[in-house]
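>>> how would this look folded up:
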Amino acid sequence: MPGIIFCLSRKTSPTPKETFERSEALSWLYVVKLCYNWVQMTVVITGASGHIGSNLVRTLIDKGIPTRCLVHVNCQALDELDTGIAQGDICDLDSLCRTFEGADVVYHLAACISLSMNDWPALESINVLGTRNVVEACLRSGVRRLVHFSSIHALVQEPMSIPVDESRPLVESRRYPPYDRSKAAAEIEVRRGVERGLDAVIINPTAIIGPYDYQPSYFGEALLSLAQCKLPALVTGGFDWVDVRDVVAGAIQAGEEASAGAKYLLSGHWVSMRDIAAMVAEITGVPATRLVLPLWMAHIGVPFIRAASRLNGRRPLYTGVSLRALESNRHISHERATRELGYQPRPFRETLVDTLRWFQENGQLVRPTSGKTGEPA
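Residues are numbered from 1 along each chain as shown. This next block holds a predicted model:
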């Protein structure tokens, strides 16, 4: 309060000019203080060590936004990054409240991903009850906004002849895979939080592909197998693939500009497995397998693939759930995200080249890539 002390210490009243100058200086100080407080507002990311999370943290850091990452076990993807690390568990409400203290925005990505029909208990605990805890911690901690990452799998795909958009109902029936039902149930938890006054937006990306895929993801693993000629056969079908960097950009825009309670599908491009294999072959110079099995034949092989994975201790090459996904709706609309957020997914080939290059630079892919979008090795 230096201005007030100064006025009280004077024997004469300040002139109009002095009053104006002092008022203008205080106004500028107030603006500077507001800017400082805004810059210092921390963003918290759950699931920061995952594929989307590692890209999101890097983008926020590049923007100069202070970040705090909730880490449960593995934090390889965050090594040497200028970010705060908080050990915690989304199944532990108290640890969430401690982590969210002073946070302006929370991006909730932590989730259990499963391609099995038998993992409901774990999926319910992490995806559903964990999200319930995140919502409660946001409300208790006074978080300004929650950006919740759901999935395209949370939405009913039928009818296949009509594009999927944000108006599609959430899956409920037990005929849907447990992962799909868990993501749908998690959205319901967020909606309940909104009813209690939480400012939240929901993001539904399609199949993620892109750099900083450390673990790697299910599709990242399949991509590496393609690039190293380790896939004995392909299957018919395909999916809508989206670049992880485009998803991150869309989510940040939603966090900054979307209205409370909004929901956005962040899709990319539908590409068949056969076309992906052909592109990988062109980029890497590794010939693609010519054997392409119809999905019905691949379904017959599921029990044998499962048995082989138990013997070698590795994730199965494919499951009945992943095959079912390859038969899902080809038409996923991102019209709302484009209209309201300026969302524009980049060409799929560019994503593929960048992803393969990153795998090579990270030591996970020994085959060379050209390093130039659209040009084979």
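>>> grab the most central residue of the chain for me.
Ile52 (4.0 Å; Cα atoms, centre = their mean).
>>> so that one is in which element?
In this assignment (DSSP states H and E), Ile52 forms part of helix 51-62.
>>> just the buried residues of that helix, please?
51-60 (16 or more other Cβ atoms under 10 Å). Every C-beta, even on glycine, is put in place using the N, C-alpha and C of the backbone.
>>> show the average pLDDT along stretch 280-290.
Averaging pLDDT along stretch 280-290 yields 92.
>>> for it, measure first residue to last.
This stretch, stretch 280-290, spans 13 Å end to end (Cα to Cα, to the nearest Å).
>>> same question, stretch 249-268
Stretch 249-268: ends 13 Å apart by Cα to Cα.
>>> ok, Val235 touching Ser322?
No: in this structure Val235 lies outside contact range of Ser322 using Cβ atoms under 8 Å: 9.4 Å.
>>> next, Leu231: phi, psi?
phi -90, psi 120 (degrees, to the nearest 10).
>>> near it, how many other residues are there?
By the criterion of other Cβ atoms under 10 Å, Leu231 has 20 neighbours.
>>> what of the one 5 residues further on?
By the other Cβ under 10 Å criterion, the neighbourhood of Thr236 contains 17 residues.
>>> hang on, it packs against Met297?
No: Thr236 is beyond contact range of Met297, at 9.4 Å (criterion: Cβ under 8 Å).
>>> hey, what's in contact with both of the two?
Common contact partners of Thr236 and Met297 (Cβ atoms under 8 Å, 6 or more residues apart in numbering): none.
>>> between the buried residues of helix 51-62, which sits nearest Ile188?
Ile52 (21.4 Å; Cβ to Cβ).
>>> need the strands for the stretch 151-300 of the chain, in chain order.
200-205, 207-209, 234-235, 238-243, 263-266, 269-272, 292-293 (DSSP state E, counting those that start in this stretch).
>>> sorry, back to before: extract the CA atoms of the helix holding Ile52 and return them as CSV.
Extracted as CSV, the C-alpha positions of helix 51-62 are listed here (Å, rounded to 0.1, in the frame of the first residue of the first chain):
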residue,chain,number,x,y,z
HIS,A,51,1.2,-41.7,-25.0
ILE,A,52,-1.2,-38.7,-25.0
GLY,A,53,0.1,-37.4,-21.7
SER,A,54,3.8,-37.3,-22.8
ASN,A,55,2.8,-35.2,-25.8
LEU,A,56,0.5,-33.0,-23.8
VAL,A,57,3.1,-32.2,-21.2
ARG,A,58,5.7,-31.3,-23.8
THR,A,59,3.2,-29.0,-25.6
LEU,A,60,2.2,-27.2,-22.4
ILE,A,61,5.9,-26.7,-21.4
ASP,A,62,6.6,-25.3,-24.9
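>>> ok, residues contacting it?
Helix 51-62 is contacted by residues 43, 45-48, 67, 69, 77-78, 81-83, 107, 109, 149, 205, 208, 210-217, 220, 244-245, 247-249, 251-252 when judged by Cβ under 8 Å, 6+ apart.
>>> now the next helix or strand after that helix: average pLDDT?
Sequence-wise, the next helix or strand downstream of helix 51-62 (DSSP H and E) is strand 67-71. In this model, strand 67-71 has an average pLDDT of 96.
>>> neighbours of the closest residue to Leu234 other than its chain neighbours, how many?
In space, and not counting its chain neighbours, Leu234 is closest to Val292: 4.6 Å by Cβ to Cβ, 6 or more residues apart in numbering. Neighbour count for Val292, taken as other Cβ under 10 Å: 16.
>>> Arg274 versus Val292, what's the distance?
Separation of Val292 from Arg274 (Cβ to Cβ, to the nearest Å) stands at 6 Å.
>>> equivalent analysis for Val286, please.
From Val286 across to Arg274, the span is 15 Å (Cβ to Cβ).
>>> can you give me the helices for the stretch 151-300 of the chain?
Assignment of helices within the stretch 151-300 of the chain using DSSP state H, counting those that start in this stretch yields the ranges 178-195, 218-227, 244-257, 273-284, 295-300.
>>> buried ones in the fourth one?
It refers to helix 273-284. 273-274, 276-277, 279-284.
>>> I'd like those residues laid out as a markdown table, including distance to Pro121.
As requested, the buried residues of helix 273-284 are exported to a markdown table (distance: Cβ to Cβ, whole Å):
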| residue | distance to Pro121 |
| --- | --- |
| Met273 | 31 |
| Arg274 | 36 |
| Ile276 | 33 |
| Ala277 | 36 |
| Met279 | 39 |
| Val280 | 37 |
| Ala281 | 41 |
| Glu282 | 44 |
| Ile283 | 41 |
| Thr284 | 40 |
